[in-house]
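1. for reference, the sequence and a predicted model appear below.
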Amino acid sequence: MSRKEFVAGLDIGTTKTCCVLAEVDFDEESVDIIGVGLTPSSGLRRGVVVDLDATTEGIKSAVEKAQLMAGTVAIRSVVVGVTGEHVSSLNSRGVIAITSSSREITLSDVERVVEASRVIVLPPEREIMHSIPRGFAVDGQDGVKDPVGMSGSRLEVETHIVTGSTTFLDNVVKCVRRAGFEIDASVLEPIATAESAVIPAEKDLGVVLIDIGGGTTDVAVFVNGEIYYTAILAVGGNHVTKDLSVGLRTSREEAERVKLKYGCANAHMVDVDDTFQVTSLGAEDARELPREILVGIIEPRMQEILQMVREEVIKSGYIDMLPGGAVLTGGGSQMPGTLDLAERTLGMPSRIGLPQKVGGLNDTIQSPVYTTAVGLVMYAARAKADLREDEKKNTIMQSLQGLIGMFKRGK
């Protein structure tokens, strides 16, 4: 079996659709980016598909650009990121008895206990997207990472379960298939983003990931190396643009241009003499205004977004267990002053998260805009590597059981 595979990650956002194509080498345990495609998006609102045709065209364009950059590689299937205010999460516990005569825990036992934790009451319009084991307990002993091969009579698991609206998820699948591609997996975006933007040491310490997108802000809390809480806030960079459009009496396009060129989220970083130019609705010529006016509109909204994040972290119950601080990523984190504002509002050290631990076109993707798409590729690569390892373990255990059986029959 080949130890190299091509994996494509597709981040369908409110303001942009991004496709990243990577070559995964399982022998070298490396992920090399070989193609990147980025195109404006107009078919989603707050992470939910509102225009099938526009979303489909955005997917086609982004994938074609990635394929063109990669050369001869043809993309047939993708790993898709999912977000939106319809997503929710909870923690569940599963318990099973180990019934084998040897009392040795096998991979099938682990699968059984995880499946037991998935037995929860859900409305018919919702479905489970992820069930992520946070930790196992064998005969009451907590803190077990991998119980396979251990002896015990009772196996428990604490699982983080993510659910989403079946209708909204189906619409994403429909757009991808209409664009001519199959879906390898659908992954909650903050889970994928953490793969590329958050380092393992931060997850072990305790850290909160904050992905500020155009229509949503994704929040994920990690403690002791595992994900403990996720939330999707229906607010993002587009709300800042709308505030500027109203406050400056200008078009959304002009407000976005001004935000990107002159925007700042910290009034202390702007000199009193700084100015910017903006064209009002119905006017032909641009007018010059103090930059303080711009910051006076942006800072309160960005502070509100970060305050909502803080309230979610408090709601999680882990606000005092995050010495790793906060990792900010996504397009909204690029605005000057956002990092300082985050540290003041959240009350914890913060940094900007960029894609890490990948090779190839590394310089091309060194921006918070690409963290989710790169994370989707890394998530898929790790999942496939884990699957190969599980298959290897199963083969070894079956061989051992065969040998034991031979010795018993010999006696």
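-> Noted; the coordinates are in hand. Numbers count the residues shown, from 1 in each chain.
2. CA only for contacts and neighbour counts going forward, please
-> Noted.
3. what sits closest to S367 if chain neighbours are left out?
-> With sequence-adjacent residues excluded and distances taken as CA to CA, 6 or more residues apart in numbering, S367 is closest to L354, at 5.8 Å.
4. doesn't that neighbour fall inside a helix?
-> No - checked against DSSP: H, G, I helix; E, B strand; the rest coil, L354 lies outside a helix; its state is coil.
5. make sure it is actually in contact with A373.
-> No - applying CA atoms under 8 Å as the test, L354 and A373 come out as separate, 11.5 Å apart.
6. which one of those two has more residues nearby?
-> Taking neighbours as other CA atoms under 10 Å, L354 and A373 compare with A373 leading, 30 against 22.
7. the more buried one contacts K16, correct?
-> No - between A373 and K16 there is no contact under CA under 8 Å: 11.3 Å.
8. if we can go back for a sec, quick check: the residue nearest to S367 vs G330, distance?
-> Taking CA to CA, to the nearest Å as the criterion, L354 is separated from G330 by 9 Å.
9. over to L339?
-> 12 Å.
10. now do the shared contacts for L354 and G330.
-> 368, 370-371 (CA atoms under 8 Å, 6 or more residues apart in numbering).
11. out of the residues you listed, who's nearest D53?
-> Compare each of the shared contacts of L354 and G330 with D53 using CA to CA and the shortest gap goes to Y370, at 23.7 Å.
12. follow-up on the earlier one: so L339 and G330 - more neighbours on which side?
-> Using other CA under 10 Å as the criterion, L339 and G330 rank with G330 on top: 25 against 21.
13. surely that one and T371 touch.
-> Yes - G330 is in contact with T371 according to CA under 8 Å; the separation is 7.1 Å.
14. quick one: the helices in this structure, in order.
-> 52-70, 107-117, 166-178, 189-197, 200-205, 237-247, 252-262, 291-316, 338-346, 371-410 (DSSP state H).
15. circling back: show me the contacts for the residue nearest to S367.
-> Listed by CA under 8 Å, 6+ apart, the contact set of L354 reads 196-197, 329, 366-368, 370-371.
16. which of the residues you listed are buried? Put it as a ChimeraX command.
-> Buried members of the contacts of L354, defined by 16 or more other CA atoms under 10 Å, are picked up in ChimeraX with:
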select :196,197,329,367,368,370,371
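17. could the contacts of L354 be laid out in a markdown table, adding distance to R76?
-> Converted to a markdown table, the contacts of L354 look like this (distance: CA to CA, whole Å):
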| residue | distance to R76 |
| --- | --- |
| S196 | 23 |
| A197 | 27 |
| T329 | 29 |
| Q366 | 26 |
| S367 | 26 |
| P368 | 26 |
| Y370 | 21 |
| T371 | 22 |
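18. relative to R46, which of the contacts of L354 is nearest.
-> Nearest to R46 among the contacts of L354: T329, at 17.0 Å, using CA to CA.
19. what residues are bridge-paired with the closest one?
-> Counting by DSSP bridges, T329 forms beta bridges with D211.
20. who are the neighbours in contact with it?
-> By CA under 8 Å, 6+ apart, T329 lies in contact with 197, 209-212, 352-354, 368-369, 371.
21. tell me the two of the residues you listed that are most distant?
-> Comparing all pairs in the contacts of T329 by CA to CA, the longest separation belongs to L209 and V369, at 14.5 Å.
22. more neighbours: these two, which one.
-> For L209 and V369, the more surrounded residue by other CA under 10 Å is L209, and the numbers stand at 27 against 24.
23. from G225, how far off is that one?
-> For L209, the distance to G225 - CA to CA - is 13 Å.
24. and V295, what does it touch?
-> Per CA under 8 Å, 6+ apart, neighbours of V295: 263-267.
25. who does the nearest residue to K145 once chain neighbours are set aside form a beta bridge with?
-> Distances taken as CA to CA, 6+ apart place G135 nearest to K145, at 5.6 Å, with adjacent residues excluded. Here G135 shows beta-bridge partners E158, assigned using DSSP bridges.
26. so G135 touches V144, yeah?
-> Yes - between G135 and V144 a contact is recorded at 6.0 Å, counting by CA under 8 Å.
27. name the residue in these two with the higher neighbour count.
-> G135 (19 against 15).
28. from D386, how far off is A116?
-> A116 sits 21 Å away from D386, going by CA to CA.
29. so what's the closest residue to I161 other than its chain neighbours up against?
-> Nearest non-adjacent residue to I161, counting by CA to CA, 6+ apart: S131, 4.5 Å away. By CA under 8 Å, 6+ apart, S131 lies in contact with 114, 118, 159-162.
30. what about 7 Å?
-> Counting by CA atoms under 7 Å, 6 or more residues apart in numbering, S131 makes contact with 118, 159-162.
31. closest to I59 out of those residues?
-> I59 lies nearest to V162 out of the contacts of S131, by CA to CA, at 24.7 Å.
32. return the distance of that closest one relative to A66.
-> Counting by CA to CA - V162 and A66 are separated by 30 Å.
33. these two: which is more packed in?
-> A66 (24 against 21).
34. ok, the more buried one - contacts?
-> Contact partners of A66, counting by CA under 7 Å, 6+ apart, are 19-21, 35-37.
35. redo the contacts of L354 as CSV? Include pLDDT.
-> Putting those into CSV (pLDDT from 0 to 100) gives the following:
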residue, pLDDT
S196, 94
A197, 95
T329, 96
Q366, 92
S367, 92
P368, 92
Y370, 93
T371, 95
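36. among the contacts of L354, which one sits closest to L346?
-> Using CA to CA, T329 is the member of these that sits closest to L346, with 15.1 Å.
37. need the max-distance pair from the contacts of V295.
-> The span of the contacts of V295, defined through CA to CA, is set by G263 and A267 at 10.4 Å.
38. neighbour count: those two, which is higher?
-> Each of G263 and A267 had its neighbours counted (other CA under 10 Å), and the higher figure belongs to G263 (24 against 18).
39. return the distance of that one relative to L294.
-> Distance, G263 to L294, by CA to CA: 7 Å.
40. ok, K259 next?
-> From K259 to L294 the distance is 8 Å (CA to CA).
41. cool, and L107?
-> Separation of L107 from L294 (CA to CA) stands at 57 Å.
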